[in-house]
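Chemist: After the sequence you'll find the predicted model.
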Amino acid sequence: MKKLAFLSVGVIVGLSTGASAVVVPVQVTVENLAPANSISFAPLRFGFGNGTFDSFDNNAVAFLLGFPTIADAPIVTIAEGGSGANWFPAFQAAEPNANLGTVTGPGGPILPGQTNSATFMIDTSNRFFTFGSMVVPSNDHFIGNANPQQYEVFDGSGNLVLASILQRGSQIWDAGSETQNPANAAFLVGGVNDQRENENNPVTFNFSNLNAFNGLQTAPGYIFDSGLITGNSDVFRISFTVVPEPATAGLFAGTAGLLALRRRRA
Ligand SMILES: [Ca+2]
Ligand SMILES: [Ca+2]
Ligand SMILES: [Ca+2]
């Protein structure tokens with residue numbers, strides 16, 4: 001009922017302003033396509049927005065966006081901690097009307113072979129999708145889009161025009177914020193992720209350095225082997241579906257029918 005009310009408001013707003021945009025339920029699905037014993041992912045942090053929030057560039061130091069130190073840089077909160085603690089506020093500050101969200105794995109992290117979905121109410125005038133997710137085990141590796149207008153999910157008429165985003169091994173970034181040190185890495189037995197030392201590098205594509213963690217035991221118990229993926233390996237997919245709501249349509253029809261019945265009786 002709550003979802004129905006929200007949807008109705010969205011439709012009414014869209015009609016009253018003459019805009020074509022409406023609020024629709026969008027199912028976002030995450031899939032870890034990497035083989036067993038290779039990389040896992042922290043929960044996916046994302047926003048549907050107008051394509052202006054930009055938290056990093058290739059070959060530039062991660063943007064601070066008002067935060068005091070590199071460890072607090074919005075994309076670094078994703079890359080080093082998987083949390084998005086500063087990424088979401090920075091996104092909201094840049095784009096107050098963006099629709100922000102998270103999809104976790106079934107038990108938190110998204111382990112090799114796992115998939116999960118969640119549904120969000122999205123204003124289709126938020127045409128662009130921007131995301132980030134920490135790649136683990138690592139100190140500061142992640143996937144995400146450097147160009148906030150790279151992924152146009154809705155066209156100007158509110159139609160879903162992008163079914164999925166595929167990420168390959170070669171698209172994994174090193175945030176350049178934390179040195180590669182297994183003792184300070186996330187997702188490792190014996191790693192203390194809260195520990196860090198500044199790396200003072202720009203954000204660059206890098207997945208080959210994940211071999212620093214080969215042979216080490218991960219938190220869920222498997223022994224990590226980065227050699228199971230190459231730059232061409234599919235590692236992650238994000239998919240979008242506008243959820244059909246037959247129950248909603250039926251409810252509307254039922255309500256209308258009931259009103260008609262009452263009128264007839266009156
Ligand atoms: Ca950028
Ligand atoms: Ca690094
Ligand atoms: Ca760390």
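Modeler: Received the coordinates, thanks. Residues are numbered from 1 along each chain as shown. Ligands and ions are numbered 1, 2, ... in the order given.
Chemist: would you say residue 93 is within a helix?
Modeler: Yes - counting by DSSP: H, G, I helix; E, B strand; the rest coil, residue 93 falls inside a helix.
Chemist: Can you give me the pLDDT of it?
Modeler: On pLDDT, residue 93 comes in at 98.
Chemist: now residue 5
Modeler: On the pLDDT scale, residue 5 gets 40.
Chemist: same check, this time on residue 244
Modeler: 87.
Chemist: Secondary structure element holding it?
Modeler: Counting by DSSP states H and E, no helix or strand carries residue 244.
Chemist: Please apply the same query to residue 78.
Modeler: Secondary structure (DSSP H and E) places residue 78 in helix 74-81.
Chemist: which other helices and strands contact that helix?
Modeler: helix 87-94, strand 128-136, strand 141-144 (3 or more C-beta pairs under 8 Å, 6 or more residues apart in numbering; DSSP states H and E). Quick note: C-beta positions are derived from backbone N, CA and C, even for glycine.
Chemist: Next, the angle from the helix or strand following the first one to strand 128-136.
Modeler: Just to be clear, that refers to helix 87-94. Per DSSP H and E, the first helix or strand lying C-terminal to helix 87-94 is strand 99-103. Angle between the axes of strand 99-103 and strand 128-136 is 30 degrees (criterion: axes from the mean of the first three to the mean of the last three C-alpha atoms, to 10 degrees).
Chemist: Just give the number of residues close to residue 138.
Modeler: 33 (other C-beta atoms under 10 Å).
Chemist: And the helices in this protein?
Modeler: Assigned by DSSP state H, the helices in the chain fall at 2-16, 74-81, 87-94, 246-265.
Chemist: Residue 91 touches residue 47, doesn't it?
Modeler: Yes - the pair residue 91 and residue 47 passes the contact test of C-beta atoms under 8 Å, sitting 4.9 Å apart.
Chemist: Now list whatever residues contact both of those two.
Modeler: Jointly contacting residue 91 and residue 47 under the rule C-beta atoms under 8 Å, 6 or more residues apart in numbering are 53, 98, 100, 130.
Chemist: who wins for most neighbours among those residues?
Modeler: residue 130 (27 neighbours).
Chemist: Now for it: which residues touch it?
Modeler: 46, 47, 49, 51, 53, 55, 91, 144, 145, 148, 151.
Chemist: So which of those belong to strands?
Modeler: Counting by DSSP state E, those place 46, 47, 49, 144 in strands.
Chemist: Kindly indicate which of those residues lies nearest ligand 3.
Modeler: residue 144 (17.9 Å; C-beta to the ion).
Chemist: Distance-wise, check that closest one relative to ligand 2.
Modeler: Noted for residue 144: a distance of 14 Å to ligand 2, by C-beta to the ion, to the nearest Å.
Chemist: Please apply the same query to residue 82.
Modeler: Taking C-beta to the ion, one finds residue 82 at 15 Å from ligand 2.
Chemist: Check residue 158 too.
Modeler: Relative to ligand 2, and taking C-beta to the ion, residue 158 is found at 40 Å.
Chemist: what do you get for residue 167?
Modeler: 18 Å.
Chemist: Over to residue 116?
Modeler: Counting by C-beta to the ion, the gap from residue 116 to ligand 2 is 27 Å.
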